[in-house]
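A.B. asks: how would this look folded up:
(one chain, ligands or ions: 1)
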Amino acid sequence: MDGTDHLRDYHGKRHFDRTAEPRGGRKAEVALPRFVVQIHDARRMHFDFRLQVGDVLKSWSVPKGPSADPRDKRLAVPTEDHPLEYEEFEGVIPRGEYGGGTVIVWDRGTYEPLSHDRRGRPVDFAASLERGQATFRLHGAKLRGEYALTRFRSGGDGEEAWLLVRAAKGGSGGRGAPDPRRARSARTGRTLAQVVEEDG
Ligand code: MN
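C.D. replies: Next up is the predicted model:
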């Protein structure tokens, strides 16, 4: 049965030349999970790197942002899970509030989970993050290629810390983090300063 049959009753009751309701026809996507990188001009300028895992965005604060160069190991400090809708968020968080400052969506897109065990067999991505070693390929407008997130310090007596590194064999192409003050939103083309001007 194709998708049209499911909508036979729906279509039978409507005249689409007279109603603005949707005809339907969009296929459910076999969707890859999403990622987003936001630039956050807070107390300290940083990048927020978020990967969709199930119904949340797993999040890390990355002071220097992701690099396209496999030789750069970028510190990534975990922060709380964010809702999926946060992918869209761009604007000014009022001073004095948590994370007070300006946010732009620097890049976003989908990613392919690539985590595998020592024998090269694919493993559940969420479980690989819990174990502190996850690999994935980003398909963004700016970030492209294979990256790894690796926990190197557990949160026992201090801050949990990870490294975000581009894989050496992860192909070429894509860009790394820019000067955050010159960077433009992937959503609206705006700089941080323009967002402050318009939304602040
Ligand atoms: Mn942040």
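
A.B. asks: I'd like to know how many residues surround the residue of the chain found nearest the ion.
C.D. replies: Nearest to the ion, among the residues of the chain, is H40, at 3.6 Å (Cβ to the ion). (Glycine included, C-beta is placed from N, CA and C.) Residues lying near H40 (other Cβ atoms under 10 Å) number 20.

A.B. asks: residues contacting it?
C.D. replies: Residues in contact with H40 (Cβ atoms under 8 Å, 6 or more residues apart in numbering) are H46, F47, D48, S61, G99, G101, T102, V103.

A.B. asks: which among the residues you listed end up buried?
C.D. replies: H46, F47, D48, S61, G101, T102, V103 (16 or more other Cβ atoms under 10 Å).

A.B. asks: the ion next: which of these are close?
C.D. replies: For the ion, the contacts drawn from these by Cβ under 5 Å from the ion are D48.

A.B. asks: show me the buried ones among the contacts of H40 that map onto strands.
C.D. replies: Those of the buried ones among the contacts of H40 mapping onto strands are H46, F47, D48, S61, G101, T102, V103, per DSSP state E.

A.B. asks: rewinding a little: among the buried ones among the contacts of H40, which two are most distant?
C.D. replies: S61 and T102 (15.2 Å; Cβ to Cβ).

A.B. asks: circling back to that earlier point, please convert the ones in strands among the buried ones among the contacts of H40 to CSV, extending it with pLDDT.
C.D. replies: Shown next, in CSV, are these (pLDDT from 0 to 100):
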residue, pLDDT
H46, 98
F47, 98
D48, 97
S61, 97
G101, 95
T102, 97
V103, 96
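
A.B. asks: for A183, state which of these is nearest.
C.D. replies: F47 (9.4 Å).

A.B. asks: now the nearest residue to the closest one once chain neighbours are set aside: how far from V37?
C.D. replies: Of all residues not flanking F47 in the chain, G65 sits nearest, at 3.7 Å (Cβ to Cβ, 6 or more residues apart in numbering). Using Cβ to Cβ, to the nearest Å, G65 is found at 7 Å from V37.

A.B. asks: again with L149
C.D. replies: 13 Å.

A.B. asks: ok, G109 next?
C.D. replies: Counting by Cβ to Cβ, the gap from G109 to V37 is 10 Å.

A.B. asks: now the strands for this structure?
C.D. replies: 34-41, 45-53, 56-62, 74-83, 91-93, 101-113, 133-140, 144-153, 161-166.

A.B. asks: what's the longest one packed up against?
C.D. replies: This means strand 101-113. Under the contact definition 3 or more Cβ pairs under 8 Å, 6 or more residues apart in numbering; DSSP states H and E, strand 101-113 sits against strand 34-41, strand 45-53, strand 91-93, strand 133-140, helix 192-199.

A.B. asks: quick one: name the residues of the protein near the ion.
C.D. replies: By Cβ under 5 Å from the ion, the residues of the chain that approach the ion are H40, D48.
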